[in-house]
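1. predicted model and sequence below, questions to follow.
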Amino acid sequence: MIYGFLAGRAVLSLSMFLFFLNSIWNTKPKQWAEQKWWLWGLSWLALYAISFFWSTDIPYWQERVQVKLPFLIFPIAMGCLPTLKAKHYQTLTLGLITLAVIACIYSLSFYFRDSENIVSGYSYSKVLRTPAYKDHIRFSIFIAWVIIWGAYMAPKLKNKALSITSITCLLFLAIYLHILAVRSGLLMLYSFAFIYIVFLFLQKKFLQSLIIILSSILVVGTLYKTTPSFQSKIHYVIYSFNEYKNGNKTADFSDIGRIISYQLAAKIIQENPVLGVGAGDIRAEMKSKYEVYSPNTKPEQRIVPHNQLLEVTLAGGVVTLVVFMIWLFYPIRNIKKNRDGLYLMATWFGLFLCLMVEAMLEVQFGVSIYLFCFLWVQKAAKDNSNLTPASTTL
C-alpha cells in the first residue's frame, strides 16, 4: 500500500482492497456498526453521491465519487483490526521510513542534475519532480506525516541504534521538505511543531517549549539562507501577496488564482445554498462564473477551489457540509492529554490544515493518504492504551 502511494495507482487500490478483506475476516456486522466515524463518513459520502440527481455531467460526477471509495472500506478495515504488537508497529515504521527516504533520494536526483533550472522554476510556481505520479502536493503531505509517525514510534523501537538511525532519517526528510518547498507539506510539519509546543505548555514544561521555539527559528532561518528553492518559494509567495494587495487580480500567480476560485465558489454557494450544484457540475459552474466575473483568466488557470469545505458545499450544499464537519471533527472529541493524544492531534490538525488549502479528498492519492495517515495513528494510540498505562511524557 505504501509503495502504491509512491509509484502505482493500481497497486494502491488492490492493496487497500486486500487489506480490507484481511481485516474483516471472521468479523460480525455488529463490529461494523460500532465504527461511528465510519458511519458518519458513509453519511456525508451518501449525500455527496445523491447529488447525481441534479448533476448533468455524469462522467465527472462518477469520477468525483469513485475516488472516494476508500471511505467505504479503509475505516472499517482499520476499525476491525485486532490489537497489534510492538513488532508490527516496528515493521511498519521501518518500512515507511525506508521507502520515504528512497523516494526523497529519487526526487533529489533531479535537483542535483540541474539545480539552477529547478530553482529558477520556483519563481514561476514550478517545483521539483516527485514520485506519486508527480503529485508533489500529496507527496509532501505524506513525507511530513512520516516525520510525525517516525517521531511517535522512534522511542518504541527495539534498540537505540534503530532509534538513532530513524531520527537521522527523519531529519533528512525534514530538510528534503524545505528543498521541495511545497507549502502543504511544510504546513503540516510546522503545525506538528506548534502542537508539540502547545502540549509542552499544557504540561508546564516552559523551558523545553522555549528551547524548541528558538531551535525551530534557528533551523528554519538557516534553511532559508542555505536552500535556494525554499528561499525562492518564500519570495514568490510574498511577491504574489504584494501584487494582489496592489490590485493585481489576475490568475497569472497561482496564489491569486486560488483567491479568485474561492470568490467564484462563494458566489455559486450563495446561489445554491441548500443542495449545491451537484458533484458532477462543479467544474461547469466554475467555468461559467469565470466567463462572467474573470473572463481574462486563461483556460488552464480556471480551477475548482483548492479547499475541501468549499468543494463539499458546492457538491451537496450546506446539509452535506454539516454532516461532513461532524465526520471531520468526530475523532478528536476524546483525545487525551498524553503522548498518544499529542501525535493523534498533530496528525489530525495537520491534515485539517491541508484540507483548507487543498481539496485532497477529490483525488485518489489525497483520499488514501488522509485515511492511511490518520487511521494508523488512531490505531496505534488505541493499541498503546490497551497495552500500557497512559503516559504523559511527550
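-> That came in fine, so what should we check first?
2. so where's the protein uncertain?
-> Along the chain, segments meeting pLDDT under 70 span 386-394.
3. and it, what are its domains?
-> What automatic domain parsing lists as the domains of the chain is 83-215+334-394, 239-317.
4. quick one: end-to-end length of the last one, please.
-> Right, domain 239-317. End-to-end distance of domain 239-317 (Cα to Cα, to the nearest Å): 35 Å.
5. now the domains of the chain as a markdown table including distance to Gln231 and mean neighbour count?
-> Every residue, glycine included, has its C-beta placed from N, CA and C. Below are the domains of the chain laid out as a markdown table (distance: least, Cβ to Cβ, whole Å; neighbours: other Cβ atoms under 10 Å):
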| stretch | distance to Gln231 | mean neighbour count |
| --- | --- | --- |
| domain 83-215+334-394 | 9 | 18 |
| domain 239-317 | 12 | 18 |
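6. any idea which helix is longest in the chain?
-> Assignment by DSSP state H gives helix 86-113 as the longest helix of the chain.
7. need the residues that contact the helix or strand just after that helix.
-> The C-terminal neighbour of helix 86-113 among helices and strands, as given by DSSP states H and E, is helix 115-121. With Cβ atoms under 8 Å, 6 or more residues apart in numbering as the test, helix 115-121 has contacts from Phe110, Tyr111, Val127, Leu128, Pro228, Ser229, Ser232.
8. identify the residues contacting the third one.
-> When you say that, I think you mean Val127. Counted by Cβ under 8 Å, 6+ apart, Val127 has contacts Gly121, His136, Leu180, Ala181, Val182, Ser229.
9. once you drop chain neighbours, what's closest to the second one?
-> Once flanking residues are discounted, His136 sits nearest to Thr130: 4.6 Å by Cβ to Cβ, 6 or more residues apart in numbering.
10. any idea how far that neighbour lies from Glu116?
-> Noted for Thr130: a distance of 19 Å to Glu116, by Cβ to Cβ, to the nearest Å.
11. returning to that earlier point: how close does the residue nearest to His136 get to Tyr176?
-> Distance from Thr130 to Tyr176, by Cβ to Cβ: 10 Å.
12. what is in contact with those two at once?
-> Ser107.
13. out of the contacts of helix 115-121, which one sits closest to Gly8?
-> Within the contacts of helix 115-121, proximity to Gly8 (Cβ to Cβ) peaks at Phe110, which comes in at 19.5 Å.
14. coming back round to it: same list (the domains of the chain) but as JSON lines, adding distance to Arg64.
-> Output for these, formatted as JSON lines (distance: least, Cβ to Cβ, whole Å):
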{"stretch": "domain 83-215+334-394", "distance to Arg64": "6"}
{"stretch": "domain 239-317", "distance to Arg64": "4"}
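15. those domains: which one's closest to Ile326?
-> Short answer: domain 239-317, nearest of the domains of the chain by Cβ to Cβ, at 12.0 Å.
16. can you pull the contacts of the residue nearest to His136?
-> The contact partners of Thr130, taken as Cβ under 8 Å, 6+ apart, are Ala103, Ser107, His136, Phe139, Ser140, Leu180.
17. repeat that for 7 Å
-> Going by Cβ atoms under 7 Å, 6 or more residues apart in numbering, Thr130 touches Ser107, His136, Phe139.
18. Tyr3 now?
-> Val11, Leu99.
19. check Arg9 too.
-> By Cβ under 7 Å, 6+ apart, the residues touching Arg9 are Gln364.
20. residues in contact with stretch 302-315?
-> Contacts with stretch 302-315, where a contact means Cβ under 7 Å, 6+ apart, come from 48, 51, 257-258, 261-262, 265, 268-269, 276-279, 282-283, 286-287, 290, 320-321, 324, 355-362.
21. gap between that stretch and the chain center?
-> Computed by Cα atoms, centre = their mean, to the nearest Å, the separation of stretch 302-315 from the middle of its chain amounts to 16 Å.
22. what's the answer for stretch 163-181, then?
-> Worked out by Cα atoms, centre = their mean, stretch 163-181 lies 18 Å from the chain centre.
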